[in-house]
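Peer 1: sharing a model that was predicted from the sequence below.
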Amino acid sequence: MAFFARFSSKQAGDQPAAAQHGVLAQGLEKTKEGLLRRLSRAVIGKSKVDDEVLDNLEEALVSSDVGVETTLRIVELVQKRVARDKVLNAAELNRILREEIEQLLEGNDSAAAASPHAQETPYVVMVVGVNGVGKTTTIGKLAARMAAEGKKVYIGAADTFRAAAVDQLEVWAARAGAAIVKQQMGADPASVAFDTLSSAKANGADAVLIDTAGRLHNKVNLMNELSKIRNVMRKVIPGAPHEVLLVLDGSTGQNAYRQAQEFGKATEVTALAITKLDGTAKGGVVIGISDQLKVPVKYIGVGEKVDDLQPFDKKKFVETLFS
């Protein structure tokens, strides 16, 4: 079984199912309230599903930051189901909407995000994302969760342009009992990555998390820097990084989607972590990003605690939004 799939399922099992659901429900409360309120308005006073209801449904989804293209796709799917199944009332519409969104996310959960290189040891993850999205915190939480499972974790502080990022990683590493490799500020990020992988390999680490600088001001420089880091890693461990995890701030809505597009041009993103969903009503962006990018959402952040970074489960996510 894949390393990250094993890790995700075991960690999820460490908490009772009811507790997990409670954390998810609380974290998505703002999105849920906004979406259900808009959907209620879409069908209020209607005894049948007509064009006006579908137009209102479209408006409700766009307002929840699902995104225009994905919204149109969902409405088209719902419209076909309504015609085929002779749907006549709002309750049936709600059921069909849940089913179609879940189908849209089919295969896009933490198990589906497992890397084909997941048996590699150490398993190397390069974490990318702009400054301020929660990238460093996400790395810390992942390290803590892995370490709690008994994994030997190394963290590479390759964002050498922000002292705060290195300091924050040191705090997380100390909490998790993870090893951290760093150099002086302004050092070559690829050199940090090389040292981290060399040390991790020599000391029998299970996983390596490499932080990277979160700058988008110059896409050419970003592409060159990330490519250099990847090439240097492969000199130590062929095939590394085994995963490129892009961290996005869910509270920025469609801006997160645009960031994902830009990073997709700079490097091959293989999985997503969408953070800060607890502080926003824009959680619908998870659906849109998943649909448009065709990159698995692997983790969602629904709070500040370690356990609030959860493996993404499409079924629980949709159930929570519509329950």
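Peer 2: Alright, I've got the coordinates.

Peer 1: ok, Asp308 touching Gly279?
Peer 2: No - the criterion here is CB atoms under 8 Å, and Asp308 misses it with Gly279 at 11.5 Å. Where C-beta positions appear, they are placed from N, C-alpha and C, glycine not excepted.

Peer 1: so which bits of stretch 72-89 are buried?
Peer 2: Arg73, Ile74, Val75, Leu77, Val78, Gln79, Arg81, Val82, Val87 (16 or more other CB atoms under 10 Å).

Peer 1: nearest to Lys32, out of the residues you listed: which one, please.
Peer 2: Ile74 (17.0 Å; CB to CB).

Peer 1: now the closest one: which helix or strand?
Peer 2: In this assignment (DSSP states H and E), Ile74 forms part of helix 68-85.

Peer 1: by how many degrees do whatever helix or strand comes next after that helix and helix 68-85 diverge?
Peer 2: As assigned by DSSP H and E, the chain's next helix or strand after helix 68-85 is helix 90-104. Calculated by axes from the mean of the first three to the mean of the last three CA atoms, to 10 degrees, helix 90-104 forms an angle of 120 degrees with helix 68-85.

Peer 1: okay, helix 90-104 in PDB with CA atoms only?
Peer 2: Output in PDB follows, covering the C-alpha atoms of helix 90-104 (Å, rounded to 0.1, in the frame of the first residue of the first chain):
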ATOM      1  CA  ALA A  90     -36.400  20.900  -4.600                       C
ATOM      2  CA  ALA A  91     -35.500  17.900  -2.400                       C
ATOM      3  CA  GLU A  92     -34.800  15.700  -5.400                       C
ATOM      4  CA  LEU A  93     -32.800  18.600  -6.900                       C
ATOM      5  CA  ASN A  94     -30.600  18.800  -3.800                       C
ATOM      6  CA  ARG A  95     -29.900  15.000  -4.000                       C
ATOM      7  CA  ILE A  96     -29.000  15.200  -7.700                       C
ATOM      8  CA  LEU A  97     -26.700  18.200  -7.100                       C
ATOM      9  CA  ARG A  98     -24.800  16.300  -4.400                       C
ATOM     10  CA  GLU A  99     -24.500  13.200  -6.600                       C
ATOM     11  CA  GLU A 100     -23.200  15.200  -9.600                       C
ATOM     12  CA  ILE A 101     -20.700  17.200  -7.600                       C
ATOM     13  CA  GLU A 102     -19.400  14.000  -6.000                       C
ATOM     14  CA  GLN A 103     -19.100  12.400  -9.400                       C
ATOM     15  CA  LEU A 104     -17.200  15.400 -10.600                       C
END
